[in-house]
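A.B. asks: Need coordinates for the below:
(2 chains)
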Amino acid sequence: DGGITQSPKYLFRKEGQNVTLSCEQNLNHDAMYWYRQDPGQGLRLIYYSQIVNDFQKGDIAEGYSVSREKKESFPLTVTSAQKNPTAFYLCASSKLDTQYFGPGTRLTVL
Amino acid sequence: QQQVKQSPQSLIVQKGGISIINCAYENTAFDYFPWYQQFPGKGPALLIAIRPDVSEKKEGRFTISFNKSAKQFSLHIMDSQPGDSATYFCAASLGGYSTLTFGKGTMLLVSP
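C.D. replies: So this is what the prediction gives:
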């Protein structure tokens, strides 16, 4: 089956810890994106990558980091510098302008 | 500022009625306008999309109306069903590999 997978579905983290969220796609899409979703805030862009080994900051990149070593993978690290990391994180990929989303990871900081 | 303003924030419609969600944008260079449907705890799913060269696009019970001069576009859900109860997001982009700017979402509840 073609699609976007995100793991884990739920993630719990203690304050001060870094955590990495996984995103994989087998759609052969060039571009990949990370969004953060909070209640009433819509979707806010964290980072995006249009090609392997290159990525750009989105609107709320502070406290996050990414890598794009393979076309299929775009992991997101939530660092201890992110002041309010509890949220629903969504990964997306696209070939040109149509973006398709993964199922999301819910991160809770304890 | 590339903004997309979506209204209403929430909407209750009776089964069989028409649900209407509106979005307004500022950047006249936007070239692609998708709508997404999201169920609780799930990722958004692309519902329907339009480009500014057409004024209306219909797919089943879902229709996008686009008014280029007013810089507005709207989603109409005909014969709304309880299964349509979800959050709907409009978005806009410059096309190509440019990023999407999302509205803040509309929570739709279709009462049986």
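A.B. asks: who does the host helix or strand of B:Gln6 touch, helix- and strand-wise?
C.D. replies: Assigned by DSSP states H and E, B:Gln6 belongs to strand B:4-7. In terms of contacts (3 or more C-beta pairs under 8 Å, 6 or more residues apart in numbering or on different chains; DSSP states H and E), strand B:4-7 is packed against strand B:19-25, strand B:86-92. Glycine gets a C-beta too; all of them are placed from N, C-alpha and C.
A.B. asks: Please name the bridge partners of A:Ile51.
C.D. replies: A:Asp54 (DSSP bridges).
A.B. asks: how many other residues sit next to it?
C.D. replies: Using other C-beta atoms under 10 Å in any protein chain shown, A:Ile51 has 12 other residues around it.
A.B. asks: That one: what's it in contact with?
C.D. replies: In this structure, A:Ile51 makes contact with A:30-31, A:68, judged by C-beta atoms under 8 Å, 6 or more residues apart in numbering or on different chains.
A.B. asks: Check A:Ile46 too.
C.D. replies: A:34-36, A:58-61, A:64, A:66, A:76, A:89.
A.B. asks: check contacts around the closest residue in space to it that isn't next to it in sequence.
C.D. replies: Once flanking residues are discounted, A:Ile46 sits nearest to A:Trp34: 4.3 Å by C-beta to C-beta, 6 or more residues apart in numbering or on different chains. By C-beta under 8 Å, 6+ apart, the contact list for A:Trp34 reads A:23, A:45-48, A:58, A:64, A:66, A:74, A:76, A:89-92.
A.B. asks: thinking again about what came up before, by neighbour count, which of the contacts of A:Ile46 wins?
C.D. replies: Ranking those using other C-beta under 10 Å puts A:Tyr35 first, with 29 neighbours.
A.B. asks: and the strand holding B:Gln6, how far from the chain's centre?
C.D. replies: The chain centre lies 9 Å from the centre of strand B:4-7; the measure is C-alpha atoms, centre = their mean, to the nearest Å.
A.B. asks: where does B:Ala29 fall, helix, sheet strand or coil?
C.D. replies: What DSSP: H, G, I helix; E, B strand; the rest coil gives for B:Ala29 is coil.
A.B. asks: I figured it hits B:Leu94, correct?
C.D. replies: Yes. B:Ala29 lies in contact with B:Leu94 (C-beta atoms under 8 Å); the separation is 5.6 Å.
A.B. asks: Give me the more crowded residue out of the two.
C.D. replies: A count of neighbours by other C-beta under 10 Å puts B:Leu94 above the other of B:Ala29 and B:Leu94, at 16 against 11.
A.B. asks: quick revisit: so which of the contacts of A:Ile46 is the closest to B:Leu46?
C.D. replies: Closest approach between the contacts of A:Ile46 and B:Leu46, by C-beta to C-beta: A:Tyr35, at 14.2 Å.
A.B. asks: which residues touch the closest one?
C.D. replies: A:Tyr35 makes contact with A:43-46, A:89-92, according to C-beta under 8 Å, 6+ apart.
A.B. asks: State the pair within those that is farthest apart.
C.D. replies: Maximum pairwise distance among those (C-beta to C-beta): 13.7 Å, between A:Arg44 and A:Cys91.
A.B. asks: Just list whatever residues bridge to the residue positioned nearest the centre of chain A.
C.D. replies: Closest to where the C-alpha atoms of chain A average out (C-alpha atoms, centre = their mean) is A:Trp34, at 3.3 Å. Beta-bridge pairing for A:Trp34 (DSSP bridges): A:Tyr47, A:Cys91.
A.B. asks: quick one: the strands in chain A?
C.D. replies: Secondary structure of chain A, counting by DSSP state E: strands at A:4-7, A:10-13, A:19-25, A:31-38, A:42-51, A:54-57, A:64-66, A:76-78, A:87-95, A:98-101, A:105-109.
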